[in-house]
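In: Build me a model:
(chains A and B)
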Amino acid sequence: MIGIKTIREQTSLVRDALKARNMTGPIDEILESDLKRRALLVEVENGRAERKEAGKAIGKAKTEADRNELIAAQRSGADQLDELESQLKNIDSSLNELLLEIPNLPHPELPLGGEESAEVILIGDGMNNEELFSTPKSLDDFTIEPASSIPHWDIGRDYGYIDFERGVKVSGSTFYMLRSDGARMQRALINWMLDLHHEHGFEEVYPPFVVRTESLVGTGTLPKFSDTLFGIENSDLWLIPTAEVPITNMYRDEILDHAQLPIQHSAYTACFRREQFSAGREVRGIKRGYQFDKVEMVVFTREYESWKMLESLLQNALDVVRKLGLRYRVLRLASGDIGFSASMTYDIEIWSPGSGEWLEVSSVSNFTDFQARRAGLRYRSEDGSVKHLHTLNGSGLGIPRTFAAILEQNVLPDGRVRIPTVLQSYLGNQEYLLPVKSV
RNA sequence: GGAGAGGUGGCCGAGUGGUUGAAGGCGCUCGUCUCGAAAACGAGUAAGCGGCGAAUGUCGCUUCAUGGGUUCGAAUCCCAUCCUCUCCGCCA
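Out: So this is what the prediction gives:
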C-alpha cells in the first residue's frame, strides 16, 4: 500500500497517479476518514491516560472505602471510553480497507496509456543481432509477421511431447500432460534456469505452493483479485499464482540488517491462476492454463538501489532468453498497463512462429515499498533508522511458453526437435528431443 | 486423529489481576582502562501511531502469538483461532 502520509501530504501526486493508471480511487473518502480517525484518536488517548492514572490511584488506595469510591468514580469514564474505542476500531478497519484498494504509484517516466502504448526498447535474436533503441519505438512501428511454422500444439500432439486429451480427461479444460522427451525437456529447462540464476548470485528457495490469505494481501493480490485465485475449501489457504507470493512473504514482519542486502532469491514453483479466458485461440496449446510452471526471481533491496536492481534483474532474465537462442523483444509497459503493485514493469516477449504472436515469458517489476508496507518488510539502515525495503521480481522464465517457442523454432520435418546447446547436458547430452508415436 | 505442555523484547528467561514496556542474563553500541585487543567496570539499547514544534526534539497512546470476553483496571482470569514441542496412532 502507499502510506497514509503520502496520501495526506502529496494528495495531488496520488490523484495524478490514479489518473495515469486510468483508475479512480476513494481518495476523498480516505482523507475524510483519516481526519476523523486522528481526532478520535486524540480523544481515546486522553481517555486512556486518565484511566491509567485512576488505576494507579485505586491500586494505592489505603482503605476499602477509599478504593470503592475511586472505582465508582471511574466507572462512567470507562463506559465512555469503551464507546470511543469501538468507534476508533471501526474507522481504523474501514480506513485500512480503503488503503488496500489504492494501487502503487507508477513511475513518472512511464509512457501514458494502456496496453497499446508500451514502448519497445530492445529487440534481439539469441546472442546475436541485438538492437537497443535509444529512443523507444512504438508497437505500431512493427508489423506482425504471419505464422511461419507448425504451431506447438500440432508438434506436441503429433510427436507425443504433449498429451492434451488425457490432460483434459483427468483435470478438465486447459490442462495437459507432458510426456517422454516433452516432460524431460520441461525438467531440463527448470534445472538449467535455476543453475543459471545460482551462477548469477541468487539463493535458491523451494517454497510452499500453498499460502495463507495474509501472504496474498502482502503482495497485493488480495483483497482485490480473489477471483483469479484458487482457494482451498475449509481452510484459509490458496494455491499460489506465482512464487512471488511465498518468497516475498519470507521476511514478513522482520527487520533485516542493511548488511544483508540486497537479498536475491530464485525459485521454481507450479503456478495456479483461475484466469477468465475465452476458449479457442487464446488458450490454444500450452500458452495459458490454470496450472503452469515458472522459475521466478525475487529481490529485496534498500530503497536507493532498487532502480539499478530493476535493470540488472532484466539482464538476468534476458540472459536466459539469449542463451536459449530465442527471438525476443523487451517492452516497457505504459502507466495504465502495469500491475496493481508495480511502479515500473518490463515485459520480455518471445516470438512464437507457430502461432504468429509474441508471447510474454517474463515480467520484471519494481514494486518500490508498496509490498513492503503491506507485508511489514523492513531493514535497519546504515544510520540506525528503520526503513521499508523495496521489492522486485521477474520471471526467469515462464516455462510453457518458452517450451512452445523452442518446439516451433527448432522442430525438424521428422518430428525431432533440436535441443538448445545449453540444455543438452541436462538431457543426457541428447541433441534432439525424440518423438514418440505410440501414444 | 488421541493425550499433554507451551507461545513474553534481537536471543534466553522472570513475572498469576493494580506505579511492569515489562526483573535478570546474553548480544549489540558508546565510554573508562590499554601501545592495541581481551577482560573488567560504567552508560545506553524495541516498534507502531498520534499531539505540539521550523527543527535536534518533546509529550502521549498502543503492542507480552492473534481475535473476542470478564473487570474501574489484564502479560496475568475465560473463550476461539493460529503456531511450537512431547508421547501415542496413522502414513509417502
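In: Show me what from the stretch 51-200 of chain A comes close to RNA strand B.
Out: A:51-52, A:54-56, A:58-60, A:67, A:71, A:74-75, A:77-78, A:82, A:89 (C-beta under 7 Å from any atom of the strand). C-beta coordinates here come from the backbone N, C-alpha and C atoms, glycine included.
In: quick one: strands adjacent to whichever strand or helix holds A:Leu331?
Out: According to DSSP states H and E, A:Leu331 maps onto strand A:327-332. With DSSP bridges as the test, strand A:327-332 is paired with strand A:119-125 (antiparallel), strand A:344-352 (antiparallel).
In: Buried residues, the shortest one. List them.
Out: Think strand A:119-125. Applying a neighbour-count criterion of 16 or more other C-beta atoms under 10 Å, the buried positions in strand A:119-125 are A:Glu119, A:Val120, A:Ile121, A:Leu122, A:Ile123, A:Gly124.
In: What is the most widely separated pair among the residues you listed?
Out: Within those, A:Glu119 and A:Gly124 form the most distant pair, 15.7 Å apart (C-beta to C-beta).
In: Helix or strand for the residue nearest to A:Phe292 when sequence neighbours are not counted, just tell me which one.
Out: Excluding its sequence neighbours, the residue lying closest to A:Phe292 (C-beta to C-beta, 6 or more residues apart in numbering) is A:Pro400, at 5.0 Å. Using DSSP H and E, the element containing A:Pro400 is helix A:399-410.
In: Show the subsequent helix or strand relative to that helix.
Out: Remark: after helix A:399-410, the chain's next helix or strand is strand A:417-418, criterion DSSP H and E.
In: for that next one, packing partners?
Out: Applying 3 or more C-beta pairs under 8 Å, 6 or more residues apart in numbering; DSSP states H and E, one finds that strand A:417-418 makes contact with helix A:399-410, strand A:432-433.
In: Give the buried residues for the first one.
Out: When burial is assessed from 16+ other C-beta under 10 Å, helix A:399-410 yields the following buried residues: A:Ile399, A:Pro400, A:Arg401, A:Thr402, A:Phe403, A:Ala404, A:Ala405, A:Ile406, A:Leu407, A:Glu408, A:Gln409, A:Asn410.
In: from those residues, which is closest to A:Gly156?
Out: Comparing the buried residues of helix A:399-410 against A:Gly156 with C-beta to C-beta places A:Leu407 closest, at 6.6 Å.
In: do you know how far the spatially closest residue to that closest one that is not a sequence neighbour is from RNA strand B?
Out: Of all residues not flanking A:Leu407 in the chain, A:His152 sits nearest, at 4.3 Å (C-beta to C-beta, 6+ apart). The gap separating A:His152 from RNA strand B is 33 Å, by C-beta to the nearest atom of the strand, to the nearest Å.
In: pretty sure A:His152 is touching A:Gln409, no?
Out: No - using C-beta atoms under 8 Å as the test, A:His152 is too far from A:Gln409 to be in contact (9.7 Å).
In: who touches both of these two?
Out: Counting by C-beta atoms under 8 Å, 6 or more residues apart in numbering, A:His152 and A:Gln409 have no shared contacts at all.
In: so where do the helices sit in chain A?
Out: Applying DSSP state H to chain A gives helices spanning A:4-9, A:11-20, A:27-60, A:64-100, A:152-159, A:164-171, A:181-199, A:213-219, A:244-248, A:306-323, A:370-375, A:399-410, A:421-424.
In: what's the closest of the helices and strands packed on strand A:417-418 to A:Asn393?
Out: Of all those, it is helix A:399-410 that lies closest to A:Asn393, at 16.2 Å by C-beta to C-beta.
In: chain center to the closest one: distance?
Out: Taking C-alpha atoms, centre = their mean, to the nearest Å, the mean C-alpha location of helix A:399-410 is offset from the chain mean by 23 Å.
In: For whichever residue of the stretch 1-150 of chain A sits closest to RNA strand B, grab the count of nearby residues.
Out: Residue nearest to RNA strand B within the stretch 1-150 of chain A (C-beta to the nearest atom of the strand): A:Gly59, separated by 2.5 Å. The burial count assigned to A:Gly59 is 9, neighbours taken as other C-beta atoms under 10 Å.
In: Distance of it relative to A:Ile27?
Out: 47 Å (C-beta to C-beta, to the nearest Å).
In: go on, A:Gly218?
Out: Using C-beta to C-beta, A:Gly218 is found at 23 Å from A:Ile27.
In: Pull the number of nearby residues for whichever residue of the stretch 151-300 of chain A sits closest to RNA strand B.
Out: Relative to RNA strand B, the nearest point of the stretch 151-300 of chain A is A:Ile255 (6.5 Å; C-beta to the nearest atom of the strand). Look at A:Ile255: counted by other C-beta under 10 Å, it has 13 neighbours.
In: Where do the strands of the stretch 251-400 of chain A begin and end?
Out: Remark: strands assigned in the stretch 251-400 of chain A by DSSP state E, counting those that start in this stretch are A:254-257, A:263-272, A:291-301, A:327-332, A:344-352, A:357-366, A:377-380, A:386-388, A:390-398.
In: picking that back up, I'd like the strands paired with strand A:327-332 as TSV, with distance to A:Ile419 appended.
Out: Output for the strands paired with strand A:327-332, formatted as TSV (distance: least, C-beta to C-beta, whole Å):
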stretch	distance to A:Ile419
strand A:119-125	18
strand A:344-352	17
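In: and the ones you listed as a markdown table, adding mean pLDDT?
Out: Formatted as a markdown table, the strands paired with strand A:327-332 follow (pLDDT from 0 to 100):
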| stretch | mean pLDDT |
| --- | --- |
| strand A:119-125 | 95 |
| strand A:344-352 | 97 |
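In: rewinding a little: the residue of the stretch 151-300 of chain A closest to RNA strand B against A:Gly376, yeah?
Out: No - counting by C-beta under 8 Å, A:Ile255 stays clear of A:Gly376, with 9.0 Å between them.
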